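Enquirer: just need the structure, nothing else, for what follows:
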Amino acid sequence: GNLNHAMKETHSPYAVIFDCDHVPTRAFLQSTIGWMIADPNLALLQTPHHFYAPDPFQRNLDSGMHVPPEGNMFYGLVQDGNDFWDATFFCGSCAVIRREAVTGIGGFATETVTEDAHTALKMQRKGWGTAYLR
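Expert: The predicted model follows:
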């Protein structure tokens with residue numbers, strides 16, 4: 001809902017989305033926006049999430065700090081595979097979205113708790129491309 005409201009209040013052809021606890025690197029736009037400009041069919045460019053604090057597993061279990069966080073597998077293997085098949089998930093943060101693609105599907109999905117992935121699926125069904133930039 002908040003993202004759909006923001007889309008009504010803004011007018012840029014692109015939206016960059018970060019959760020309130022994510023901070024972009026200084027070169028985020030330099031690394032991402034060119035891909036969107038180069039490929040007019042690209043609806044979404046997802047980048048990894050890197051967390052400063054340990055996840056609950058790492059924090060609460062004795063062996064937690066010796067086991068890599070699950071995000072390493074998702075952003076290191078799963079999203080790379082998704083990207084290969086033009087099936088990258090939107091993860092709700094750390095991404096650039098093309099306004100035309102979002103408005104073309106009626107806005108960000110709100111009918112499910114996995115609204116980010118559902119939004120990407122809806123864009124893909126309409127023929128839009130999605131990509132992952134590790």
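Enquirer: do you have the helices of this protein handy? List them.
Expert: Along the chain, counting by DSSP state H, helices occupy 2-9, 28-38, 56-60, 70-73, 79-84, 99-104, 115-125.
Enquirer: which residues of this structure score low on pLDDT?
Expert: In the predicted model of the chain, residues 52, 64-65 satisfy pLDDT under 70.
Enquirer: and the gap between the residue nearest to residue 15 when sequence neighbours are not counted and residue 36?
Expert: Among residues not flanking residue 15 along the chain, residue 97 sits closest, at 4.8 Å (C-beta to C-beta, 6 or more residues apart in numbering). Yep, even glycine has a C-beta here, placed from its N, CA and C like the rest. For residue 97, the distance to residue 36 (C-beta to C-beta, to the nearest Å) stands at 9 Å.
Enquirer: list residues touching both of these two?
Expert: residue 14 (C-beta atoms under 8 Å, 6 or more residues apart in numbering).
Enquirer: so which of those two has more stuff around it?
Expert: residue 97 (25 against 18; other C-beta atoms under 10 Å).
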